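Asks: Quick one: sequence and predicted model below, then my questions.
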Amino acid sequence: MTAGEAAVGETYRGLRGDVLREIEEWYPGVRAWRGSATGSCWAYVPGRAGGRGALVEAPHPARLAELVAAAWERP
């Protein structure tokens, strides 16, 4: 791997982290992380009014944001 390829990889990883942080800011109570073993992105979306929460998994942060939005809208 060249230095340029390494820099691109670091930038991409940084952007993924930014999206995960933004998900947590947009949806109070949601916790998002990247699984080190699987490489997948995960989030726990708490249920509303004490209801059952949802654990969602996605291959990349953009898809995770979509799944969190869908789970957030669920009663």
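Replies: That came in fine, so what should we check first? Numbering: from 1, shown residues only.

Asks: P59: neighbouring residues, count only.
Replies: 11 (other CB atoms under 10 Å). For glycine as for every other residue, the C-beta is placed from the backbone atoms N, C-alpha and C.

Asks: What does the pLDDT read for it?
Replies: Listed pLDDT for P59 reads 94.

Asks: How about the contacts made by it?
Replies: S40, C41 (CB atoms under 8 Å, 6 or more residues apart in numbering).

Asks: Least confident secondary structure element in this structure?
Replies: One helix or strand of the chain scores below all others by mean pLDDT, DSSP states H and E: helix 3-26, with a mean of 64.

Asks: Check which element follows that one along the chain.
Replies: strand 31-34 (DSSP states H and E).

Asks: which parts of that following strand are buried?
Replies: Neighbour counts using 16 or more other CB atoms under 10 Å place A32, R34 of strand 31-34 among the buried residues.

Asks: now do stretch 53-72
Replies: Those buried within stretch 53-72 under the rule 16+ other CB under 10 Å are A54, V56, A58, P61, L64, A65, L67, V68, A71, W72.

Asks: Which ones among these lie within strands?
Replies: Mapping the buried residues of stretch 53-72 onto strands (DSSP state E) picks out A54, V56, A58.

Asks: Closest one to E22 out of the residues you listed, please.
Replies: A58 (14.4 Å; CB to CB).

Asks: Apart from its neighbours in sequence, what residue is nearest that closest one?
Replies: Excluding the flanking residues, the one nearest A58 by CB to CB, 6 or more residues apart in numbering is L64, at 3.9 Å.

Asks: ok, the one you found touching R31?
Replies: No - counting by CB atoms under 8 Å, R31 is not a contact partner of L64; they are 11.7 Å apart.

Asks: got any residues that touch both of the two?
Replies: In contact with both L64 and R31: A43, using CB under 8 Å, 6+ apart.
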